[in-house]
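Asks: The following comprises the amino acid sequence and a computationally predicted model.
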Amino acid sequence: MKIATAAYPLDPVRNWAEFSAKLTDWVAGAAGQGAELLVFPEYGSMELAMLAGPEVAADLERCLHAVSDVIGDVDDLHSDLAARYGVHILAASAPVFDPAIGARPVNRARLFAPTGGRGIQDKQIMTRFERDPWDVIPGGGLEIFDTSLGKIAILICYDSEFPLLGRAVAEADLLLVPSCTEALAGYTRVRIGAQSRALEAQCVSVMSSVVGLAPWCPAVDEGTGMGGIFGPPDVGFPSNGVIAEGVLNQPDWTYGEVDLGAVAHVRADGGVLNRLHWDDQGGRHSSPQLRALR
């Protein structure tokens, strides 16, 4: 299959028609290149705060509510585009106030199938900024989505840096990692996480990024990154594990061809069998002895 992953710039959209046209152009462009799975980044939805005006977008609390208030319409638009262009879309994650979870918002990614199917994945572990001052909270548990493209899981940005979360979704063929990182160091951390999870689970990981400046929304005022598609550096994959990567901070799609047959093969008969041998760690990592060596 062909995958498209975004280096996505935030624009101060002035009205719904402007946002709809932007999103449609991005989806149509990727579909026109033959992509079957489109991956947008973490917090790419924050540009929607401008629909409520610049004062709201500039306020850390009010911008959360402004985006959450329109997310139903945003989801309907993504669903329509997925059906129209015959693609699966991971929408840019958004703050969502969900009364079933709590009084504070979760960071929620949503996956849309061309058949009308929808799935949600909430971020599990909050960054320091999300904890304080933004007060975004962890949401529902991890999911694996069984799709016509294969089994898909999502670890949102910081979540990809935690191997036990990756292990929990190790049945997935495709691991989507939407990210939003201010500095190059942050981008690098998430990229290392995405590549590490691909190595451990012997799967394909797909990283997307917010890029560029958005001074009108201090919550996401600077983004550094690029798109990337990674696999285990083993049989049937590039020796460095990099299937495709974009250009740092250049808005665009990054495209990569992925054969899930290669995932099945490397899991069954790779040069190494990280996924199968995970449990061999057993208790070897617990209670190590501290010995003086002087």
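Replies: Yep, that arrived.

Asks: in what helix or strand does R191 lie?
Replies: helix 184-201 (DSSP states H and E).

Asks: Report the buried residues of that helix.
Replies: Within helix 184-201, the residues that count as buried by 16 or more other Cβ atoms under 10 Å are 186-187, 189-191, 193-201. For glycine as for every other residue, the C-beta is placed from the backbone atoms N, C-alpha and C.

Asks: Confirm for me that G119 is in contact with E143.
Replies: Yes. Judged on Cβ atoms under 8 Å, G119 makes contact with E143 at a distance of 6.4 Å.

Asks: where does the residue nearest in space to the middle of the chain land in three-state SS?
Replies: Centroid-nearest residue in the chain: P178, 1.8 Å away (criterion: Cα atoms, centre = their mean). Recorded secondary structure, P178: strand (DSSP: H, G, I helix; E, B strand; the rest coil).

Asks: Repeat that for Q121.
Replies: Strictly by three-state DSSP, Q121 counts as strand.

Asks: Which pLDDT value goes with it?
Replies: Q121 is assigned a pLDDT of 98 by the prediction.

Asks: Run a quick neighbour tally on the residue lying closest to it once chain neighbours are set aside.
Replies: Closest residue to Q121 apart from its sequence neighbours, by Cβ to Cβ, 6 or more residues apart in numbering: I154 at 4.0 Å. I154 is flanked by 29 other residues according to other Cβ atoms under 10 Å.

Asks: what do you get for the one 4 residues further on?
Replies: Y158 is surrounded by 24 other residues when neighbours are defined as other Cβ under 10 Å.

Asks: picking that back up, output the helix holding R191 as CSV - backbone C-alpha positions only.
Replies: Coordinates of each C-alpha in helix 184-201 appear next as CSV, following Å, rounded to 0.1, in the frame of the first residue of the first chain:
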residue,chain,number,x,y,z
LEU,A,184,14.4,19.7,17.0
ALA,A,185,15.2,17.7,20.2
GLY,A,186,11.5,17.0,20.7
TYR,A,187,11.1,15.8,17.1
THR,A,188,14.2,13.6,17.5
ARG,A,189,12.8,12.0,20.7
VAL,A,190,9.6,11.1,19.0
ARG,A,191,11.3,9.9,15.9
ILE,A,192,13.6,7.7,18.0
GLY,A,193,10.5,6.4,19.8
ALA,A,194,8.7,5.6,16.5
GLN,A,195,11.7,3.8,15.2
SER,A,196,12.2,1.9,18.4
ARG,A,197,8.6,0.7,18.5
ALA,A,198,9.0,-0.5,14.9
LEU,A,199,12.1,-2.5,15.9
GLU,A,200,10.5,-4.0,19.0
ALA,A,201,7.2,-4.9,17.4
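
Asks: so how far is the helix or strand hosting A91 off the chain centroid?
Replies: Here A91, judged by DSSP H and E, is contained in strand 88-96. On the basis of Cα atoms, centre = their mean, to the nearest Å, strand 88-96 sits 8 Å off its chain's mean C-alpha point.

Asks: just the strands in the stretch 1-150 of the chain please.
Replies: With DSSP state E, counting those that start in this stretch, the ranges of strands along the stretch 1-150 of the chain come out as 2-9, 37-39, 88-96, 106-112, 118-122, 144-147, 150-154.
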